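In: I'd like to go over a predicted model; first the sequence, then the structure.
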Amino acid sequence: MNLHEYQGKEILASFGVRVQRGHIATTPKEAVDAAKQLTEETGTGWHVIKAQVHAGGRGKGGGVKLAKNLKEVEEIAEQIIGMNLITPQTSAAGKKVHQVLVAEDVYYPGDSETSEFYMSVLLNRGAGRNMIMYSTEGGMDIEEVAEKTPHLIFTEEIDPAAGLLPFQARRVAFNLGLSGVAYKEMVRFVTALYKAYEQSDASLFEINPVLKTSDDKIMAVDAKVSIDDNALFRRKNYAEMRDVREENPIEVEAKALGLNYVDLDGNVGCMVNGAGLAMATMDLIKMAGGEPANFLDVGGTADAKRVEEAFRIILKDPNVKAILINIFGGIVRCDRVANGVVDAYRNMGDSIQVPIIVRLQGTNAEEAKEIIDNSGLAVHSAVQFKEAADKVEAVLK
Ligand code: GDP
Ligand code: MN
């Protein structure tokens, strides 16, 4: 689950990580009030108005702007709230901005003593360990830094038993070229950041930029945070931060139905029971010359109602040209699934305009094939994996 910048900063602050402070606003008037309050709290005269959407590169798209007085706060908030923000990380359609973060200006004018760094904490799956990735090249697109100047990116791998060791935090500060107060501040920053990552069940904390101010404070100016979905049951306060407006609407609907659905770019819709079989089915589709339109695991109960719900979800994707149903009848009997498919098809009437290939294997597979073949519907049955692949290939032609 991805979070907004302001939510990520709230979590960071709760673990003692210094952050650029701010308040959230959903109208220009609220933005002005937020700015006034912030001036009282921090003494800041200038404010940065930052669009809150789940996408990076907001600055480049005109979603981060400096306001030098309250009138500008109001004008800029007026511009940004409700706009369709297009950044290098959004689709061409952009993302609608519902709220802005009104933040203190932390770059003092004409200040050459500030520096921007990059820092993220994430899981290195290859090593099976968490790692801190950091660079002197902050505020830039890190993928570009990795490509052009990979020697400017450092990593620190964390032993899960020992945690982040003090010498590692010091090495980070040293590699970033810091000394004196800034060095000590950075050691504290990294230590608190790692603790925040570990204790919030996050899968990513990316801070770009980490700012060193002219008075040697180290703080998070941006925050991209992802919390592991599988941990949300024990992180209720984070689960409440979910903003479904930022998520794929089909995925949100599928989740509410208890379907494990991931939207993809291809043209063959898949309905499968079991995550492993779903992965194998996606491979099968690729081998047949198609591209999966989705990953969908309907779980153990593939009855008529569930099959119908899954059909409806798959058909919401306009790119779907064919549907492959691949169900293994272990506990659930294939003939019942076949009846479910036929019933769902009949119930849905004209809304199914694409060919359907059904492969049912396991208990009562033969009876299931008969039910499909005798239904008189535009449903093709297959018993073998290869047969199913050939049929997908044939209907895509
Ligand atoms: P992103 O573009 O989505 O990554 O959003 P960021 O939060 O990283 O902000 C983009 C850029 O705005 C930063 O890299 C900074 O250069 C700039 N910025 C952020 N906060 C301030 C601020 O307080 N004052 C000034 N002058 N610039 C800021
Ligand atoms: Mn950023």
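Out: Yes, it's here. Ligands and ions are numbered 1, 2, ... in the order given.

In: what residues are up against Val102?
Out: 22-25, 31, 34-35, 38, 47-50, 73, 77 (CB atoms under 8 Å, 6 or more residues apart in numbering). Where C-beta positions appear, they are placed from N, C-alpha and C, glycine not excepted.

In: A strand includes it, no?
Out: Yes: per DSSP: H, G, I helix; E, B strand; the rest coil, Val102 lies within a strand segment.

In: State the pLDDT value of Met140.
Out: If you check Met140, the pLDDT there is 83.

In: ok, now how distant is the nearest residue in space to Ala239 that is not next to it in sequence from Tyr197?
Out: Counting by CB to CB, 6 or more residues apart in numbering, Leu232 is the residue found nearest to Ala239 once chain neighbours are left out, at 4.2 Å. Distance, Leu232 to Tyr197, by CB to CB, to the nearest Å: 16 Å.

In: Show me which of those two is the more surrounded one.
Out: Neighbours were counted for Leu232 and for Tyr197 using other CB atoms under 10 Å; Tyr197 has more, 26 against 16.

In: which residue sits closest to that one in space, ignoring its chain neighbours?
Out: Nearest non-adjacent residue to Tyr197, counting by CB to CB, 6+ apart: Val121, 4.1 Å away.

In: wait, is the one you found part of a strand?
Out: Yes: if the criterion is three-state DSSP, then Val121 is within a strand.

In: Tell me what it is bridged to.
Out: Ile132, Phe205 (DSSP bridges).

In: Could you tell me which residues make contact with it?
Out: Residues near Val121 by CB under 8 Å, 6+ apart: 130-133, 193-194, 197, 202, 204-205.

In: and if you look at Ala31?
Out: Contacts of Ala31 (CB under 8 Å, 6+ apart): 25, 49, 73-74, 76-77, 81, 100, 102.

In: Mind doing that once more with 7 Å?
Out: Listed by CB atoms under 7 Å, 6 or more residues apart in numbering, the contact partners of Ala31 are 25, 49, 73-74, 77, 100, 102.

In: Which residues outside stretch 244-255 are in contact with it?
Out: Here stretch 244-255 makes contact (CB under 7 Å, 6+ apart) with 53-54, 98, 261-263, 313, 316-317.

In: Kindly report the same for stretch 146-161.
Out: The contact list for stretch 146-161 (CB under 7 Å, 6+ apart) reads 124, 127, 129-137, 145, 164, 168, 171-172, 175.

In: quick check: mean pLDDT across the longest helix along the chain?
Out: Counting residues, the longest helix in the chain under DSSP state H turns out to be helix 180-199. For helix 180-199, mean pLDDT rounds to 97.

In: if you look at the contacts of Val102, which of them are in helices?
Out: If you go by DSSP H, those have 31, 34-35, 38, 73, 77 in helices.

In: what two of those have the greatest distance between them?
Out: With CB to CB as the measure, no two of the ones in helices among the contacts of Val102 lie farther apart than Leu38 and Ala77, at 13.2 Å.

In: who's more crowded, those two?
Out: The residue with more neighbours, out of Leu38 and Ala77, is Ala77; 27 against 20, by other CB under 10 Å.

In: So for the more buried one, what's the pLDDT?
Out: On the pLDDT scale, Ala77 is placed at 98.

In: any idea how far the closest residue to it other than its chain neighbours lies from Gln52?
Out: Excluding its sequence neighbours, the residue lying closest to Ala77 (CB to CB, 6+ apart) is Ala31, at 3.6 Å. In this view, Ala31 and Gln52 are 12 Å apart by CB to CB.

In: Name the residues contacting each of these two.
Out: Val100.

In: Return the residues in contact with Gly329.
Out: Taking CB under 7 Å, 6+ apart, we find Gly329 in contact with 337, 360-365.

In: and with 6 Å instead?
Out: Contacts for Gly329 (CB atoms under 6 Å, 6 or more residues apart in numbering) come out as 362-363.

In: what bridges to it?
Out: Beta-bridge partners, per DSSP bridges, of Gly329: Gly362.

In: Enumerate the residues of this structure near ligand 2.
Out: With CB under 5 Å from the ion as the criterion, the chain meets ligand 2 at residues 208, 222.
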